[in-house]
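only geometry, no sequence info:
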């Protein structure tokens, strides 16, 4: 499935503004449920949880900051 650049930008923004805060709360709840452990174990848990969210979404974020490759050349020139 190939989605347009504009749609990818909107989805990435939605994930960052809505999905990520929800994930942070859920990760905090999971860490609380696991309980207090040694500092290094807790650090490892938070590091793993901090990376896991981005792995399935990495293709959504690829190239979002670049200019739209499908935009006409005249529109790209106006932005500069």
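Looks like it arrived, so ask away. Only a predicted model underlies this, so the values are computations on that prediction, with no experimental measurement involved.

tell me which helix or strand residue 20 sits in.
Secondary structure assignment for residue 20, by DSSP states H and E: helix 20-34.

now do the helices in this structure.
Under the criterion DSSP state H, the chain contains helices at 5-14, 20-34, 39-52, 58-61, 73-79.

now do residue 58 against residue 21, distance only.
Residue 58 is 19 Å from residue 21, where distance means CB to CB, to the nearest Å. Every C-beta, even on glycine, is put in place using the N, C-alpha and C of the backbone.

check residue 2 too.
29 Å.

so those two - more neighbours on which side?
Between residue 2 and residue 21, counted using other CB atoms under 10 Å, residue 21 has the larger neighbour count: 10 against 5.

what's the pLDDT at the more buried one?
Note on residue 21: pLDDT of 94.

and the gap between it and residue 14?
Counting by CB to CB, the separation of residue 21 from residue 14 is 12 Å.

go on, residue 39?
35 Å.

which one's more surrounded, these two?
residue 14 (12 against 8).

hmm, residue 7 and residue 68 touching each other?
No. The pair residue 68 and residue 7 fails to qualify as a contact (CB atoms under 8 Å) at a distance of 10.9 Å.

give me the more crowded residue out of these two.
Taking neighbours as other CB under 10 Å, residue 68 and residue 7 compare with residue 68 leading, 15 against 11.

tell me the predicted confidence for the residue nearest to the more buried one when sequence neighbours are not counted.
Residue nearest to residue 68 in three dimensions, not counting chain neighbours: residue 5, with 4.4 Å by CB to CB, 6 or more residues apart in numbering. The model reports residue 5 with a pLDDT of 83.

tally of neighbours for residue 5?
Residue 5: 15 neighbours (other CB under 10 Å).

what sits against it?
Residue 5 makes contact with 63, 64, 68, 69, 70, 71 under the criterion CB atoms under 8 Å, 6 or more residues apart in numbering.

number of nearby residues for the closest residue to residue 27 other than its chain neighbours?
Spatial nearest neighbour of residue 27, chain neighbours left out: residue 49 (4.3 Å); criterion: CB to CB, 6+ apart. For residue 49, the neighbour count with other CB under 10 Å is 16.

no further questions, thank you.
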